[in-house]
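*Asks:* could you look at this predicted model? Sequence included:
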Amino acid sequence: MISLNNILNRPKTIPTSSNTEKVEEILISESEGEDKYVASAAYLYFVSAAILTLRKNNSEFVTFHARQAFVLLLLAIVAFVFLAGIWRIIFSIGVLAINIYGAYQALNGRKWNIPYLTQIANSIDI
């Protein structure tokens, strides 16, 4: 029999779905504050390639964001070459939105895994 006392003393749990992906958020310490700005700047077009070559082994956080930004840059170039008309504009706006959000996440010191693109970015060996 369930009593009011059992209900009140039951630990509070939040139901979770087993199908949801866990989002990995790693916060950068305050001593590595410069890395947040460099990782955010990587999302500017063509800056990611320079960061990958110049700051290759300095910070794993910066390298993570620079690789993702580099894959986004390659996607934007391929879309610009092969898409035409309204599809080029729609795709470019989408890539720009992802770049802005990635820069925002980098400024907040978080690693943001872009579905499918992160796997491609991690396979790049520079």
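*Replies:* Yep, it's here.

*Asks:* checking the residue lying closest to Phe61 once chain neighbours are set aside next. Helix, strand or coil?
*Replies:* Distances taken as CB to CB, 6 or more residues apart in numbering put Asp35 closest to Phe61, at 5.2 Å, once the chain neighbours are dropped. For every residue, glycine as well, the C-beta is placed using N, CA and C. Under DSSP: H, G, I helix; E, B strand; the rest coil, Asp35 falls in the helix class.

*Asks:* quick one: the host helix or strand of Val78 to chain centroid distance?
*Replies:* Assigning secondary structure by DSSP states H and E places Val78 in helix 60-82. For helix 60-82, the separation from the chain centroid amounts to 11 Å (computed by CA atoms, centre = their mean, to the nearest Å).

*Asks:* just to revisit the earlier point, you'd agree the residue nearest to Phe61 is up against Ser59?
*Replies:* Yes - between Asp35 and Ser59 a contact is recorded at 4.8 Å, counting by CB atoms under 8 Å.

*Asks:* any idea how far the most centrally placed residue in the chain lies from Ile86?
*Replies:* Nearest residue to the geometric centre of the chain (CA atoms, centre = their mean): Trp112, 2.7 Å. Distance from Trp112 to Ile86, counting by CB to CB, to the nearest Å: 28 Å.

*Asks:* cool, Ser123 as well?
*Replies:* Taking CB to CB, one finds Ser123 at 32 Å from Ile86.

*Asks:* kindly report the same for Tyr104.
*Replies:* Distance, Tyr104 to Ile86, using CB to CB: 27 Å.

*Asks:* before we move on, what about Thr63?
*Replies:* As judged by CB to CB, Thr63 and Ile86 stand 35 Å apart.

*Asks:* neighbour count: those two, which is higher?
*Replies:* Thr63 (21 against 8; other CB atoms under 10 Å).

*Asks:* hang on, isn't the more buried one packed against Leu52?
*Replies:* Yes - using CB under 8 Å, Thr63 is in contact with Leu52, at 7.1 Å.
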